[in-house]
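>>> Could you look at this predicted model? Sequence included:
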Amino acid sequence: MIGKLTGRFAGMAGEGLALVEVGGVGYAVRVPAEALLLMPSTNTVSLFIHTAVREDAIDLYGFPTPEELNFFKLLCSVSGIGPKTAMGICNVADPSTLARAIARGDASALTKIFGIGKKSAERIVVELRDKMNDTIKNTSALGATNKNDDTDVLEALMALGYSAGESRTALKEVRPDIIEMRARLSAALQYLGGSRAPTRTT
């Protein structure tokens, strides 16, 4: 079983797949979208690996940190959530934000903001809520000392008429040293105001 790969980014091997060359061998690894975007500017790629064995294939899922890998494995432990679905969930927000929404038991936020199906969101909350509470108590887990819980900010932006995708994009542009919710909301609105006005639905 492969636990970690360190090598050269050798391009894309398909949608969501990075080709990591190690000792002349190219491994096709499925990685989170945000990590994939950063890879072309990086000479050396290091990923913590989850190996998913199926009857007809062996799939590799890679993550920049062991905390992200552990979060992915927790998602995979939920009934009805396979590796591909878990990776799709990891693509919508950072693990810290998702973990806090789950810990609060906020299935509606998972559905409305992150686009997770209602039944899947409810199962995730029921099966992982206690585990997430235990995880968040460790201040170093999931980058909790460096990442912000933006669920409330996302909800506020969507209430103003912005889509979930626009809201998440804007928050990625907010400086990490801006921590207070209102300040983050203001910074996100400044970014969005420079791109386009919100599209409201009636």
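Here it is on my side, so go on.
>>> How is this structure partitioned into domains?
The chain breaks down into these domains under automatic domain parsing: 4-63, 79-140, 151-193.
>>> Can you check which of the ones you listed gets nearest to Lys73?
Judged by CB to CB, the one of the domains of the chain that comes nearest to Lys73 is domain 4-63, at 6.4 Å. Placement of C-beta: from N, CA and C, glycine included.
>>> What segments of the chain are strands?
4-14, 17-22, 25-30, 44-53, 58-63 (DSSP state E).
>>> could I get those as JSON lines with mean pLDDT and mean neighbour count?
As requested, those are arranged in JSON lines below (pLDDT from 0 to 100; neighbours: other CB atoms under 10 Å):
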{"stretch": "strand 4-14", "mean pLDDT": "91", "mean neighbour count": "14"}
{"stretch": "strand 17-22", "mean pLDDT": "93", "mean neighbour count": "19"}
{"stretch": "strand 25-30", "mean pLDDT": "95", "mean neighbour count": "17"}
{"stretch": "strand 44-53", "mean pLDDT": "93", "mean neighbour count": "16"}
{"stretch": "strand 58-63", "mean pLDDT": "94", "mean neighbour count": "20"}
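>>> can you redo those strands as JSON lines with distance to Ala188?
Output for those, formatted as JSON lines (distance: least, CB to CB, whole Å):
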{"stretch": "strand 4-14", "distance to Ala188": "30"}
{"stretch": "strand 17-22", "distance to Ala188": "29"}
{"stretch": "strand 25-30", "distance to Ala188": "29"}
{"stretch": "strand 44-53", "distance to Ala188": "30"}
{"stretch": "strand 58-63", "distance to Ala188": "26"}
